[in-house]
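Q: For reference, the sequence and a predicted model appear below.
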Amino acid sequence: MSLEQTTYGSWGNCLRLYNDKAELLITLDFGPRVIRFGFIGGQNIFCEDTAVESSASGEDFDAVYGKDATWYIRGGHRLWTSPEARPRSYYPDNDPVAWEEIENGVRLTPPPQKWTQLQEQTEITMCPESAKVTVKHKIVNLGAWDIEFAAWALTVLARGGMEIVPQPQKDTVLLGNRLLALWPYTRMTDKRVYWGDQYISLQQHPDADCPIKFGINSEHGFAAYCLNGDLFVKKFELHEGAEYPDGGMSFETYTNSLMLEMESISPLKKVAPGDCIEHTEYWSLYSNVTAPDPKDEVAMDAIVEKYIK
C-alpha cells in the first residue's frame, strides 16, 4: 500500500492511496471528498461533477455563511449529519483539509464548522493486497450544549449503473418487518425501481426527468452498485434496537440524472460538548461482474452469495 500527494484532473491537490490493484484519490483543497475509487487503469466508479451540475446557494446560505456562500456536491464520498436540513447540512466545505499518514492509510481533518460547531474527521485505510477499504467517520461536538444528530455517509456513484438493496427478511410474526420512507418526489411506479421480495433494484438513468429517494431499515448492512463490469459493495455498521433518523432509516438511496447516491446512517445520538459520534463503512470493488436483469432476484442473490456474504 502506498500514499502520495499529487494533482488529479480539475480537483487540484489530492492524496493518492493505492496498491497494485486499485486506487483512491482524495481531495485536499476542499471537502474532503474521496473523488475516485477504481482499479488501476480502470473506470472511476464514483461520480465526478466536473460540469458543476449540483450545488446549493441562496439567501438562506448568505444569511448564515456569508455573501455568495456555495456548497458543491463535487461527487465521490463525503460525510454529513442527519436529519437533513438546509442550510445546516450543506455546509460550504471549500477550505483546505489537514491530513496525516496512518498505518495503511490517512486521517483527514477539515477545518471546524464555525456555524454548526462540529468537527468532522475521516480515517481511510486500504488493504495492501486487494480493493478493500475501511472508512471510519467521526464527528465531534465543539459547542456549548448537547446536539442530537446522526453520522451520514454518502457515496456518489457514476452514471449508468444499477444498485442492489436487500430487503429485510426477519420473521416478525404479527408485526411489520419492513420500514420504507419515500420522499415527496418519488413515484412508486417509476420504471427505474423494482420492488422485489428479496431485493430492491434501482437504476441510474442519465436522461431521468425527476429524482427518486427512498430509505429502509436495513437488516443486512450492505448495498451494491454494478457499473460496466465493476461491482462496488458498501457495508456498514448496524445497531439493532437503536433509533435511526427519518422514521427508522439506516440506509437511504437517491438518484437523479447526474448520479446515484448510496447513504448509510448511524443511530441518532445526543452528543454532549466534547463528545463524538462514530460510524464505519467497509468498501470492496470487484471486476468482471455481469450486472443482473433489474427484475432477476435469483441472479442478484447469486452476486450477493459470491461477493458479499
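A: Okay, I see it.

Q: Give the buried residues for stretch 274-294.
A: By 16 or more other CB atoms under 10 Å, the buried positions in stretch 274-294 come out as 276-277, 279-281, 283-286, 289, 291-292, 294. Glycine gets a C-beta too; all of them are placed from N, C-alpha and C.

Q: pull the CA atoms of it into CSV?
A: Below are the C-alpha coordinates for stretch 274-294, written out as CSV (Å, rounded to 0.1, in the frame of the first residue of the first chain):
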residue,chain,number,x,y,z
GLY,A,274,-16.6,17.4,23.6
ASP,A,275,-18.2,14.0,22.8
CYS,A,276,-18.4,12.5,19.4
ILE,A,277,-20.3,10.1,17.2
GLU,A,278,-18.6,7.5,15.0
HIS,A,279,-19.7,5.4,12.0
THR,A,280,-17.7,2.9,10.0
GLU,A,281,-18.1,1.6,6.4
TYR,A,282,-16.3,-1.1,4.5
TRP,A,283,-15.9,-0.9,0.7
SER,A,284,-15.0,-3.6,-1.8
LEU,A,285,-14.5,-3.4,-5.6
TYR,A,286,-14.7,-6.4,-7.9
SER,A,287,-14.2,-6.7,-11.6
ASN,A,288,-15.7,-8.8,-14.4
VAL,A,289,-19.1,-8.9,-12.8
THR,A,290,-22.1,-9.2,-15.1
ALA,A,291,-25.0,-6.9,-13.9
PRO,A,292,-28.2,-8.9,-13.5
ASP,A,293,-31.5,-8.0,-15.0
PRO,A,294,-33.2,-5.5,-12.7
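
Q: From the contact counts, what lies against the helix or strand encompassing Lys213?
A: Here Lys213, judged by DSSP states H and E, is contained in strand 212-216. The contact analysis (3 or more CB pairs under 8 Å, 6 or more residues apart in numbering; DSSP states H and E) places strand 212-216 against strand 180-182, strand 199-203, strand 251-255.

Q: cutoff 6 Å now
A: strand 180-182, strand 251-255 (3 or more CB pairs under 6 Å, 6 or more residues apart in numbering; DSSP states H and E).

Q: Where do the helices of the stretch 201-309 of the chain begin and end?
A: 245-248, 297-303 (DSSP state H, counting those that start in this stretch).

Q: Strands along the stretch 151-300 of the chain, start to end?
A: 162-166, 180-182, 193-195, 199-203, 212-216, 222-227, 230-236, 251-255, 260-265, 269-271, 276-286 (DSSP state E, counting those that start in this stretch).

Q: do the stretch 1-150 of the chain as well
A: Under DSSP E, counting those that start in this stretch, the stretch 1-150 of the chain gives strands at 2-7, 13-18, 22-27, 34-39, 55-57, 70-72, 76-82, 98-102, 105-109, 118-126, 132-141, 147-157.

Q: returning to what we had before: can I get the helices and strands packed on strand 212-216 in JSON lines with mean pLDDT and distance to Met262?
A: JSON lines is the format used below for those (pLDDT from 0 to 100; distance: least, CB to CB, whole Å):
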{"stretch": "strand 180-182", "mean pLDDT": "97", "distance to Met262": "15"}
{"stretch": "strand 251-255", "mean pLDDT": "98", "distance to Met262": "6"}
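
Q: What is the burial count for Pro211?
A: The number of residues packed near Pro211 is 15, by other CB atoms under 10 Å.

Q: I'd say it and Asn256 touch.
A: Yes. Applying CB atoms under 6 Å, one finds Pro211 in contact with Asn256, separated by 4.1 Å.

Q: Nearest approach to Tyr244 belongs to which of the helices and strands packed on strand 212-216?
A: Nearest to Tyr244 among the helices and strands packed on strand 212-216 is strand 251-255 (9.2 Å), distances taken as CB to CB.

Q: Tell me how many other residues crowd Lys170.
A: With other CB under 10 Å as criterion, Lys170 counts 11.

Q: excluding its backbone neighbours, what's nearest it?
A: Asn177 (5.0 Å; CB to CB, 6 or more residues apart in numbering).
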